[in-house]
Each structure stands twice: as C-alpha cells, then as structure tokens.
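# Dropping a prediction and its sequence here:
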Amino acid sequence: MQEVEKIIIKSFSGEITREEKTLLSQWLNENTENETYYAQIKNIWQVASVNFNPEDINLEKAENLILRKIKEKPGSLQQKNRSLLIWWQRVAAIVVLPLILSLGYLLYHQNISGGNEIVYQEVISPAGTCSKVKLTDGTIVWLNSKSTLKYPTVFSAGKREVFLSGEAYFEVESDMKNPFIVKTKVMDIKATGTAFNVEAYDSDKITAVTLIEGKVKVNIKGKDDLNIVPNQRISYDNQVNTYSIETVNPYKWYAWKDGVLMFRDDPLEYVFKRIGLTYNIQIEVKDKELALHPYRATFEGESVDEIMRLIKMTAPIEYVTEERVLTRDDSFSKKKIEVYKVKQ
Amino acid sequence: MKKEMDDFHVQKENDSYWLMQMSKNDNNAFTVIFRKYYKDLVLFGGNYLANKEVCEDIVQNIFLKLWNNRKNLMIETSLKSFLLKSVQNACLDELRHKKIIRTHETYTQIFGNTDDIDTSNYILYSDLHEKLINSLEKLPEIYREVFEMNRFDGLKYKEIAQMLKVSERTVEVRIGKALALLRQFLKDYLVIFFLLNC
C-alpha cells in the first residue's frame, strides 16, 4: 500500500515514470475500491491547493459577459466575420499573386526590347503569403512572405544568377557547368546541385544561409568564399560585420515552406517576429526580459488567434489585440498585437 | 450527519429544478446555475491549464453551450458531474489538440498525469476546502509539515527533502501518509457525496 501511495503522489506531481504508470493503471483496474480511493485522494490533493486565487475570479464580470452572449443569436456575428475574413484572404492570395506575376512579366517585356539583353522576371510574395516558383532550369524556389525573387526568363550560359530580397528556400537542379548563384544585398551564395535556405530581409540585421544538402560557397561582400557543409548555418550580422557558422537542426530553418513554424528555445521576440511575418500582423513584445524568454513549440496550420492562445497557455504572457480598422484611404489597417509579461 | 445529508438532497433537487426552469427559457434559472458553479469550475480547470483566462473562456463556453442546448439536455449523472466532465474534456482537448503540447516541457509540469478523474464523486473547492483545512490540524506534525510545504508553499519533493535533510523517498512517503490520513478524516464527508450521486 505504501508503495502505491508513493506512486500515486508521484503521478500527481508529474514525476511518475513509465513503469510506475503501468503499475498504477494495473492497480487501478484491480477493483473499484482502488479507483474510488485514487479519485478521493486526487480530489483532496487538488482542492488543497488551487492554481488560481478564488478571489481573482470575477464572477460578476463573467456573468455580464455570458448574459450578453446568450442574448445574441447563436452562430454569432463574430464567427461570421472571421470566416469572411479568412475567405477574403484566400481570394486575395489566389487573385493577387498571378496578377502581380503577369504584370511584372508584361512590364519587363515592354521596357526591354533588346535582342541579347537578359529579360528578367520578378515574383513577389506579398505579406502573409508564401509562393513556389519553378525556374526554367528546373530549380524550385519557395518564397516566404514579403520576399522578392528576380530571375532571367532564360539563363545565360555559364551561370544561373537570381536576385533575392527576403527569405527563400532553394532546391537547385544539379548542373556542374552552370553554377547557381543567389545574390542578396550583402552576400552571394554559389551552388551547383543543393538545397539551402536564405534569409535576407533588408529590414533584418542578420543575413543567413542554412545548408540542407550538397555544398555551397558563401561570399560576403566580395571577400573570400566560405564553404559550408550540410546542417550548418552561416549568419552574418550586418551591423557589426561579423559572421558565425553553427551546426543546426536544418528543418527548423526552412520548415516555413511546409507551413510549419518551428521554435526550439528561441527568444520570444524572434518567435513573434516570425509569426508576424507569416500572418502579416504586427506583434510587439513590450517587456525586455520577456523578449528573451526561450520558447519551444511547433505550429502547423493554426490560425494566429489560436497560436497566440497556445503561447499564452505555455509562456508567461498576456496580450492585447488591436483589431483591423478601416482607415481613411479605405484600406484596413494591419492587425496589431501587444504582448506583455503576465503579472503575478 | 442526517442534517447534512438532507442539505445535499435539497441541493441536488435544486439543480434539477433549475434545469427544468432553464429549459423553459428562464434566464434567471441559468444565472442561478452559473453563479453556483462558475468559480469552482474555473478552479477545477486550473488542474489542467495554468492560465486563468483560458480556463475562464472554457468554462464560459460550456455555460453558453448549456444554455444553447437547454431544450434537449440529457444529463445522466448530476449537473455538477456533468459540468465537471465538460470542463475536464475541454481542458484535455485543449492540451491534446495541438502537437505543441507534446513537444513542450511545461506539459508535464502543468499536466502531470493524463488520467482523467472520475467526476461523478468529485467535491468542489467551495465544498471541501474549509473542511480540509480543519482536518489538516488533526494531522501529526511530521506529515502536516511536508504536505503544507508542497501544497501551500509550492515546493517540490526534492526541495523539501533538501530543506528537511531527509531523502526524497521519505518526503514522498510522508505526503502519501498525509493524504491517506486526510482521506480517513474526510471519509464520511466524501461518502455522502458518493451515495447521493449513485
């Protein structure tokens, strides 16, 4: 009995091991007395110390809120508004992207009428969207939110050169004779047949390349070439002009292309920046200490509201959402979220 | 004891009375139920989720559903048990729903054991807490001390062991003893609920 009691209280505190857990469920299944005993003890345990101060639960406020809600018809307005917004976002994504594509194509064709001149095409991934492009050489590029890729309609012999501002994941078609070069503001990445991710947002102080497979040469501002091997990430700090190479879990750095947001002990500030980028909202962390709080989670396919709620459950945060409002020029303002440290 | 039993009978009768009234669109009946259980349900949710607001949201949603389904509610147990079970399911869903939880280390901290509690005999904080505090007085000092250090001061078993210069195992045994004794003291009280809910 004493053994069981020990296991029971370990199960309450979450320190129970797998084997003990098996023992406990065996014991519980023995008879209903055991089950009742366990339920009663757990009841006492839980009631002895509750997670929230009962005084802090505002009954009156909750009552007013719920009475107001039940006066509204079920299937409330809020729900409809939200799905409408999602619908519009989808429509926008479907309509806007090809529009930009063809427009860009047309403009370049009109402007450049020379015979041998390289004709460029530009793909823009607007804020909150992600696009996939297949280049003429077979290379596939995933463009993250707020990113632009410029590439020639036909690659000239000897090199395949593209220009990137923002973030993109490349799966380069192997061609030893014609190296593939990604040019960004501060670095050039030279590859033959590889897969790698490039982060090169103009607004960021860090420019980085993560190599998934193959080999790449990274050239920072015309200095010597740096070779990196798979699972390495080179990051260059534009402000202090230094670079570092580290071994990483590469998937974390290009999971975005699969619609996955992966965080592994990353500071909350970075977490919210990535979420903001993915969903085109502005998230501000209002507390310096909180900004550095390490956070681990993987999100896939959740709405931003849901992600915020989940983070709130698992990190000491509180947040205020400023909904989008119609501005003077008849467009909607960007959704804003302010994040605070939870007061306790 | 007799008197107490009667009280509980009345309480139980009341619930079915208010439920019936509610099914006739009586707003007040809903408010009575809401006031009676809201706080305790939020506290109960706290056993699963560490965030008070999330728990409040969950409980409010459950009450909203209760109202929306007032015409065709099928409650086989007691209303209390039904509400507790709803809160428990919603909290577990919330936790299971997302992979994030599986990868997140606070999962075990908050959640501890995944076993769901049989809610039919569960006694609410408001009903049990005071009695529990009184019973604590009756515990031998050696057990009471560790129990309070863990439950009231939030110290981990390991920390208590260090402070008292005993082994972690000893702490676990003492807390186990404390619980067993408390259950003994509160047994009659716990059984009344059990009988009434059978």
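Ah, there it is. Everything numeric in this text was worked out from a predicted model, so none of it was measured.

# didn't A:A62 look like it was pressed against B:Q60?
Yes - with contact defined as CB atoms under 8 Å, A:A62 counts as touching B:Q60 (6.2 Å). C-beta coordinates here come from the backbone N, C-alpha and C atoms, glycine included.

# Touching both of these two, which residues are there?
Contact with both A:A62 and B:Q60 is made by no residue, according to CB atoms under 8 Å, 6 or more residues apart in numbering or on different chains.

# From chain A, how far out is the residue of chain B positioned farthest from its centre?
Largest separation from the mean C-alpha position in chain B: B:K165, at 32.9 Å (CA atoms, centre = their mean). Taking CB to the nearest CB, to the nearest Å as the measure, B:K165 falls 20 Å from chain A.

# Phi, psi for A:E30 please.
Here is the backbone geometry of A:E30 (degrees, to the nearest 10): phi -60, psi -50.

# Flag every buried residue along the strand or helix carrying A:I283.
Assigned by DSSP states H and E, A:I283 falls within strand A:282-285. By neighbour count on 16 or more other CB atoms under 10 Å in any protein chain shown, the buried set for strand A:282-285 is A:283, A:285.

# what does stretch B:146-160 give?
Within stretch B:146-160, the residues that qualify as buried by neighbour count (16+ other CB under 10 Å) are B:146-151, B:155, B:157, B:160.

# which residues are in contact with that stretch?
By CB under 8 Å, 6+ apart, stretch B:146-160 touches A:13, A:15, A:45, A:48-49, B:136, B:139, B:163-164, B:168, B:171-172, B:174-175, B:178-179, B:182.

# so the closest residue to A:E63 other than its chain neighbours, which of the three states?
Of all residues not flanking A:E63 in the chain, B:F34 sits nearest, at 6.1 Å (CB to CB, 6 or more residues apart in numbering or on different chains). Secondary structure, DSSP: H, G, I helix; E, B strand; the rest coil: B:F34 is helix.

# Remind me what the strand or helix carrying A:E338 packs against, helices and strands.
Here A:E338 sits within strand A:336-341, counting by DSSP H and E. Secondary-structure packing of strand A:336-341 (3 or more CB pairs under 8 Å, 6 or more residues apart in numbering or on different chains; DSSP states H and E): helix A:268-279, strand A:282-285, helix A:288-291, strand A:317-322.

# Rebuild the ones you listed as TSV, extending it with distance to A:D202 and mean pLDDT.
Conversion of the helices and strands packed on strand A:336-341 to TSV gives the following (distance: least, CB to CB, whole Å; pLDDT from 0 to 100):
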stretch	distance to A:D202	mean pLDDT
helix A:268-279	13	91
strand A:282-285	17	91
helix A:288-291	22	88
strand A:317-322	26	89
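
# which of these is buried the deepest?
helix A:268-279 (a mean of 20; mean count of other CB atoms under 10 Å in any protein chain shown).

# Which other helices and strands does that one contact?
By 3+ CB pairs under 8 Å, 6+ apart, helix A:268-279 packs against strand A:260-267, strand A:282-285, helix A:288-291, strand A:294-300, helix A:304-314, strand A:336-341.

# Now A:K190: closest residue in space, sequence neighbours ignored.
That would be A:K217: by CB to CB, 6+ apart, it lies 4.3 Å from A:K190.

# How is chain A partitioned into domains?
Chain A resolves into domains spanning A:1-46, A:77-253, A:259-341 when parsed by automatic domain parsing.

# Distance from the chain centre to the first one, please.
When you say that, I think you mean domain A:1-46. 40 Å (CA atoms, centre = their mean, to the nearest Å).

# One more: stretch A:176-184?
Worked out by CA atoms, centre = their mean, stretch A:176-184 lies 28 Å from the chain centre.

# likewise stretch A:263-283?
On CA atoms, centre = their mean, the centre of stretch A:263-283 falls 6 Å from the chain's centre.

# Please apply the same query to stretch A:149-164.
29 Å.

# Show me the contact partners of that stretch.
Here stretch A:149-164 makes contact (CB under 8 Å, 6+ apart) with A:118-123, A:133, A:135-137, A:139, A:141, A:143, A:147-148, A:168, A:175, A:177-184, A:198, A:200.
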